[in-house]
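A.B. asks: Prediction below, plus the sequence it came from.
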Amino acid sequence: MYLTPIEEAMLEGEAGEAVARAMGLLVALGEVFEAEGLIEVESAHVSGVSYKNLGEAGLEYLEEQAELGGRIRIRATLNPAGMDLRRWREMGVPNSFAEGQLRVIEAYRRMGVEATCTCTPYLIGHRPRAGSQVAWAESSAVAYVNSVLGARTNRETGPTALASAMTGRAPLYGYRLEEGRRPTILVDVRSRLTSRLDYGALGYLIGEVAGRSVPYIRGVRSASIEQLKALSAAIATSGGIALYHIEGLTPEAREMTPHIGGLERIVVREDSLEEVVERFHGELEDPVVCLGCPHCSLRELMEAARLLERLGGERLWAFTSRGVYEKAERLGIVEAIEGAGGRVYRDTCMVVAPLREMGWREVATDSFKAAHYLSSMGFEVRVAPLRELLGGEP
Ligand code: F3S
């Protein structure tokens, strides 16, 4: 694999031990995927933040990197942690967990990573430009930046995204290359999509059927940011898709048309989407209703506040980023939700918080990604539109 003199120097330790290790990791990754070399990246989004997933071993690794002088050299934001960094006591998070979590955040801060603690950094100003090379982890955000924004990233892990943040480089293979972005399967949608849930169901179904391919989707006439966010999260969850194109909607779809002739085709009808929803239809007695996987936009919080006003929402927990929370607070939306009995938490989500230790058993949600992971963790789960989860008419 070709390395420039600067990259060689980093690998040899001239920029310090932490950078040398980071470069070693990227070179090893590049060799596995037969990359010709490394490419400069403009920004990184780092996952591997919740103490629930990292444990002591992960925490020690991060503290060691910080101790060795590891510092980022491009913009890097952080995925959700295992708790609201301010209101964790109120969430019922155990002290021992909170201590570990705060040390994780401190280690990242020492390295210069912005403690945004969100999986939707693109909603709070970290929005890579079309065609730019970036190194993002967090599967839902990867699918969103690749497909909706047209930036280029592979599905990075926490350690590789951090290594890219420290070196400003990533191995050149996969979705970073023209040929890696071409569609490999056609999806014809023959169902009307209206709610966020419909887009989530479509994503979940395509991910299941199409595995790790690059779908070219036809028949979707419009989609809001929130609907594309739901689609991106679900499509990346059930199969591992990191890039999709929607005819007439996403930035690279038009230039992909010469490559769709002769591709295998799947047809999605209304009954297949209903069947996906039916799969997460647990009969729950006393669930917590969770909103915000991926993290809520301002519009989603507004919608929740309006519904709560009518239906009440004592058991609603909404998760969002600090950036969106601050705006919602200024607009009185947080107060409206909490005044109706709900809660709005920052920095964390229902999947990466230690729910069992917090005494939870049942979760109702409008997110297929959350439903997928929570049911695999043994929780009773139900998926439905928010209105229905709050007791309104289906
Ligand atoms: Fe984000 Fe947590 Fe869902 S990190 S995409 S809210 S599982």
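C.D. replies: Perfect, thanks for sending it. Numbering: from 1, shown residues only.
A.B. asks: so where do the strands sit in this protein?
C.D. replies: If DSSP state E is used as the criterion, the strands of the chain fall at 38-40, 43-46, 75-78, 135-136, 169-171, 185-190, 215-218, 245-246, 265-269, 288-296, 316-320, 343-346, 362-365, 380-383.
A.B. asks: Find the centremost residue of this protein, please.
C.D. replies: The centre of the chain sits closest to residue 140, judged by Cα atoms, centre = their mean, with a distance of 3.4 Å.
A.B. asks: how much space between it and residue 248?
C.D. replies: If you measure residue 140 against residue 248 using Cβ to Cβ, to the nearest Å, the figure is 23 Å. The C-beta positions use only the backbone N, C-alpha and C, and glycine is treated the same way.
A.B. asks: Same question for residue 340.
C.D. replies: From residue 340 over to residue 248 the distance is 39 Å, taken as Cβ to Cβ.
A.B. asks: Have a look at those two and say which one is more surrounded.
C.D. replies: When residue 340 and residue 248 are compared on other Cβ atoms under 10 Å, the one with more neighbours turns out to be residue 340, at 19 against 12.
A.B. asks: so the more buried one touches residue 318, yeah?
C.D. replies: No. In terms of Cβ atoms under 8 Å, residue 340 does not count as a neighbour of residue 318; the distance is 11.3 Å.
A.B. asks: got the residues of the stretch 1-150 of the chain near the ligand?
C.D. replies: Residues of the stretch 1-150 of the chain lying close to the ligand by Cβ under 6 Å from any ligand atom are 79-80, 119, 140.
A.B. asks: Most neighbours out of those, which is it?
C.D. replies: With neighbours taken as other Cβ under 10 Å, the top of these is residue 119, carrying 32 neighbours.
A.B. asks: so who does that one touch?
C.D. replies: Residue 119 makes contact with 79-80, 138, 140-141, 294-295, 349, according to Cβ atoms under 8 Å, 6 or more residues apart in numbering.
A.B. asks: how close does it get to residue 141?
C.D. replies: Using Cβ to Cβ, residue 119 is found at 6 Å from residue 141.
A.B. asks: anything in contact with each of these two?
C.D. replies: Counting by Cβ under 8 Å, 6+ apart, the common neighbours of residue 119 and residue 141 are 79, 294.
A.B. asks: Mark which of the contacts of residue 119 are part of helices, please.
C.D. replies: Residues from the contacts of residue 119 lying in helices, with DSSP state H as the criterion: 140-141.
A.B. asks: any idea how far residue 165 is from the residue in the stretch 1-150 of the chain positioned nearest to the ligand?
C.D. replies: Nearest residue of the stretch 1-150 of the chain to the ligand: residue 119, at 3.1 Å (Cβ to the nearest ligand atom). Using Cβ to Cβ, residue 119 is found at 17 Å from residue 165.
A.B. asks: Ok, residue 129 next?
C.D. replies: When distances are taken as Cβ to Cβ, residue 129 and residue 165 turn out to be 18 Å apart.
A.B. asks: These two: which is more packed in?
C.D. replies: residue 165 (30 against 11).
A.B. asks: Surely that one and residue 113 touch.
C.D. replies: Yes. Contact status for residue 165 versus residue 113: in contact at 6.8 Å, counting by Cβ under 8 Å.
A.B. asks: between these two, what contacts are shared?
C.D. replies: Taking Cβ under 8 Å, 6+ apart as the contact rule, residue 165 and residue 113 both touch 46, 72, 76.
A.B. asks: Report the contact partners of residue 357.
C.D. replies: Applying Cβ under 8 Å, 6+ apart, we find residue 357 in contact with 93-94, 97.
A.B. asks: Sorry, slip of the keys, the one I care about is residue 309.
C.D. replies: If a contact means Cβ under 8 Å, 6+ apart, then residue 309 has 336, 340 as its contacts.
A.B. asks: What are the boundaries of the helices in the stretch 51-200 of the chain?
C.D. replies: Read by DSSP state H, counting those that start in this stretch, the stretch 51-200 of the chain holds these helices, from start to end of the chain: 51-67, 88-91, 95-111, 139-144, 158-167, 196-210.
A.B. asks: Looking at the ones you listed, which one is packed in the most?
C.D. replies: For the helices of the stretch 51-200 of the chain, ranked by mean neighbour count under the definition mean count of other Cβ atoms under 10 Å, the leader is helix 158-167 at a mean of 28.
A.B. asks: outside of that one, which residues touch it?
C.D. replies: With Cβ under 8 Å, 6+ apart as the contact definition, helix 158-167 has outside contacts at 7, 10, 18-19, 21-23, 25-26, 29, 38, 41, 44-49, 61, 65, 70-74, 76, 79, 111, 113, 135-137, 156, 170.
A.B. asks: Go again with 7 Å.
C.D. replies: Helix 158-167 is contacted from outside by 10, 18-19, 22-23, 25-26, 29, 41, 44-48, 70-74, 76, 113, 135-137, 156, 170, using Cβ atoms under 7 Å, 6 or more residues apart in numbering.
A.B. asks: go on, stretch 8-28?
C.D. replies: Contacts of stretch 8-28 from elsewhere in the structure, counted by Cβ under 7 Å, 6+ apart, are 1, 3, 7, 38, 65, 68-70, 159-160, 163-164, 166-167, 169-171.
A.B. asks: which ones are touching the closest residue to the ligand within the stretch 151-300 of the chain?
C.D. replies: Taking Cβ to the nearest ligand atom, the ligand has its nearest neighbour within the stretch 151-300 of the chain at residue 293, 3.3 Å off. Applying Cβ under 7 Å, 6+ apart to residue 293 gives the contacts 233, 349-351, 365, 367, 369-370.
A.B. asks: and of these, the nearest to residue 244?
C.D. replies: Distance ranking of those against residue 244, using Cβ to Cβ, places residue 233 first at 12.2 Å.
A.B. asks: Cheers, nothing more for now.
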